[in-house]
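> Dropping a prediction and its sequence here:
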Amino acid sequence: MLFRILSRDRFRTLVETIMETTEVVAPKKVGVRSDGEPIHQFLPVADFDEMDLAHETTEHSAKTYFLPYRENLSTYAFSDDDWQQEVHYRIQPRAMVGLHACDINALLRLDKVFVRDHFPSPYYVSRRRNTLIIGIDHEPCEGGFCRSLGTDTVTRGFDLYLTDLGDRYFVAVGSDHGFDLLNQVGVAEISDRDTADYLEERKRIAGLFTTEVAVQNLPNLLDIEFESEVWKTWGAKCLGCGSCAMVCPTCYCYGTTERVSMDFSSGSKEKHLYACTVVDFAEVAGGHNFRPDRSTRLKYRYYHQHRGFVEAHDEPKCVGCNRCGRACLTGINPLDVIHDLQAEDEA
Amino acid sequence: MKYLGIDSVRPRIAVFELTGCEGCELQLANKEETLAAFLDAVEVVNFREISSSSSDDYDIAFVDGAVSRADEVERLEVIREHAKVLVALGSCACFGGVSRLKNAFDLNEANREVYGDRPQETLPVRAVSEVVAVDLEIPGCPVSKDEVERIVQHLIWDVPYHFPAYPVCLECKQRYTVCTYEVGLLCLGPITRAGCNAPCPAGGLGCWGCRGPAVEANAEEFLTTVHERGFTNDEIAERMSFFGGFEGLLP
């Protein structure tokens, strides 16, 4: 890895330079919770000061900029006996600033599915390739258990990754594009002091984690606890609203709908992200529902996160951001669910 | 007009209003960008808001509004006889709507409150399906014209259409709306059928449940969680009664 030192002023110049030609999406304060805490979302920003890089977390992940909630896959024009198909991929460049390590690790997991698996998705690839990623280190967010999953740090999947050293940023350079940008605004080589300060800061951040989940043997534990009462207890709480999957940085399940224009001259195929906790997620043609009850649906959500994905891609799908736990109105969260399963195992 | 090489039949449609604000009917005349195409696909033979014709020969009848008078019962029975397909249009037709709130009061008292010393003949408010058989219900206050279009396409060409089964929350999340509960307000989104694209929570009002319950809405857990958040049974029941769609699930 190549490292450089970027002053705060030059970081500002760097973002403003990108803004001249490219849409910049960054954490933006969008409201205040009833307890006074700010709410942040990844949204387009028109000005450097609209960004809030001190954000604890964003309510939604950065996923939707790569896997939109609703996406037109193709349009069709009908003529008398024929039809023509048109497909558009989003290729406009975009820069995302302020992603945390968990967000970038989440993109690396999505890459496994949509770039490197048997059937790459051109829709995803075009968005991913044309998005510049500038990540930033941060203190642990409340309830986040990324450290348990090894996703609190990241060494690839970005163009630049910043660690705040107070008066300057220690920058990991992840791509030639990132390197070019740094050279445009002017950077310094790292000194021994910079490296020492960086390592010190990493050690300080690592020491702040209090939330821990033992995930090492989770795939086997899940198999052993397949019939556990724990699923019934937590399943009874599930509203089946799908919020968890919507805010999750790696949930990618989707359905497609075909639509016809009112004048019947054209049609479209639309993809929309779906959620495995929703009542008709596993309903098939003919009306049979493979997962008719809430507890089964919730269980399979955890199975995909911590077992199925491990089998297919060698690591859990979950990055430990706990966005699902925060979004769930009835308090279903991975920390407590996994803890209950482990307690069951020990009993 | 052809679709997939098949000639279309222009169904004869009629639109009728019972007790309600007629806003759902107005929606049918809305969405200008596709209005001409919509009116090409169907033949309007009876629709007071947009046409002077008043034929009794129709295939699809859209009925807007709830049933609250004896003469409405008679009209509705005639409509049912004429229509091949009867569609309840909007929350009033589907659930009784806002005027169903009247049923919580003594009928004479309600009459006096509204009409003073000139009482009108009135009945307890009922949904259309409580009076005649209904083939299809399109909930919403008002209905979404987009959904109506898709249902008309379904009726003409069998273009598949499924009402979303999931609650409003999913649509809120998809449009990045800050959760109403995050700012400490009541919202029926977690138990209400989606399909509206969640405009009310986005506007800061929270959901009022105009589309009725989502499929297998988890009302029990919903009530537990809103109680924990400090909302009283009265507040919750008032909200859930507003459009009449949650009878049987009230706290």
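Alright, I've got the coordinates.

> got the contact list for stretch A:71-79?
With Cβ atoms under 8 Å, 6 or more residues apart in numbering or on different chains as the contact definition, stretch A:71-79 has outside contacts at A:83-88, A:123, A:256, A:264-272, B:3-4. No exception for glycine: its C-beta is placed from N, CA and C like everyone else's.

> er, stretch B:16-26 I mean
Contacts for stretch B:16-26 (Cβ under 8 Å, 6+ apart): B:15, B:46-49, B:61-69, B:72, B:75-76, B:79, B:89-90, B:92-93, B:97, B:99, B:125, B:128, B:140-143.

> Give me the buried entries from these.
B:15, B:46-47, B:61-68, B:72, B:75-76, B:79, B:89-90, B:92-93, B:97, B:99, B:125, B:128, B:140-143 (16 or more other Cβ atoms under 10 Å in any protein chain shown).

> what ranges do the helices span in chain B?
B:23-28, B:32-41, B:70-82, B:90-95, B:107-115, B:145-157, B:168-174, B:199-202, B:219-228, B:233-241 (DSSP state H).

> weakest of these by average pLDDT?
Per-stretch mean pLDDT for the helices of chain B is lowest at helix B:145-157 (a mean of 89).

> for the stretch 101-250 of chain A, what are the low-confidence residue spans?
Of all residues in the stretch 101-250 of chain A, none has pLDDT under 70.

> Domain ranges for chain A, per the record?
Split into domains by automatic domain parsing, chain A comes to A:2-62+A:89-207, A:218-346.

> picking up where we left off before, among the contacts of stretch A:71-79, the buried ones, what's the PyMOL command?
A single PyMOL command selects the buried members of these (16+ other Cβ under 10 Å):
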select buried, (chain A and resi 123+264+266+267+269+270+271) or (chain B and resi 3)
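
> tell me how far stretch A:238-247 is from the chain's mean position?
Taking Cα atoms, centre = their mean, to the nearest Å, one finds the center of stretch A:238-247 at 15 Å from the center of the full chain.

> ok, now stretch A:266-282?
19 Å.

> Kindly report the same for stretch A:254-270.
Computed by Cα atoms, centre = their mean, the chain-centroid distance of stretch A:254-270 equals 29 Å.

> so where does the residue most central in space within chain A fall, helix or strand?
Chain A has A:P249 as the residue nearest its centroid, 2.4 Å off, counting by Cα atoms, centre = their mean. Using DSSP states H and E, A:P249 maps to neither a helix nor a strand.

> isn't it right next to A:K63, touching?
Yes. In this structure A:P249 lies within contact range of A:K63 using Cβ atoms under 8 Å: 5.1 Å.

> Name the residues contacting each of these two.
A:A106.

> In this model B:P251 seems to touch B:A237, though I could be wrong.
Yes. If you go by Cβ under 8 Å, B:A237 and B:P251 touch, sitting 5.6 Å apart.

> which residues touch B:D135?
B:85-87.

> What of B:V152?
Contacts of B:V152 (Cβ under 8 Å, 6+ apart): B:11, B:13, B:38, B:41-42, B:60.

> What residues does the stretch 51-200 of chain A have near chain B?
A:59-60, A:64, A:69-70, A:78, A:80-81 (Cβ under 8 Å from any Cβ of the partner chain).

> how about 10 Å then?
Proximity of the stretch 51-200 of chain A to chain B (Cβ under 10 Å from any Cβ of the partner chain) is limited to residues A:59-60, A:64, A:68-70, A:78-83.

> Can you lay out the residues you listed as TSV showing secondary structure and pLDDT?
Output for these, formatted as TSV (DSSP: H, G, I helix; E, B strand; the rest coil; pLDDT from 0 to 100):
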residue	secondary structure	pLDDT
A:E59	coil	94
A:H60	coil	95
A:T64	helix	96
A:P68	coil	97
A:Y69	coil	97
A:R70	strand	96
A:F78	strand	89
A:S79	coil	85
A:D80	coil	77
A:D81	coil	80
A:D82	coil	88
A:W83	strand	90
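
> Kindly supply the ChimeraX command isolating those of those that are buried.
To isolate the buried members of those in ChimeraX, using 16+ other Cβ under 10 Å:
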select /A:59,60,64,68,69,78
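
> which one of the residues of the stretch 51-200 of chain A next to chain B sits closest to B:F163?
A:R70 (17.1 Å; Cβ to Cβ).

> who does that closest one bridge with?
A:H272 (DSSP bridges).

> Hmm, A:M262 and B:W157 touching each other?
No. Assessed by Cβ atoms under 10 Å, B:W157 is found out of contact with A:M262, at 11.6 Å.

> Strands along the stretch 201-347 of chain A, start to end?
A:254-260, A:266-273 (DSSP state E, counting those that start in this stretch).

> May I see those strands arranged in JSON lines, with distance to A:P292 and mean pLDDT as well?
Formatted as JSON lines, those follow (distance: least, Cβ to Cβ, whole Å; pLDDT from 0 to 100):
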{"stretch": "strand A:254-260", "distance to A:P292": "18", "mean pLDDT": "92"}
{"stretch": "strand A:266-273", "distance to A:P292": "22", "mean pLDDT": "95"}
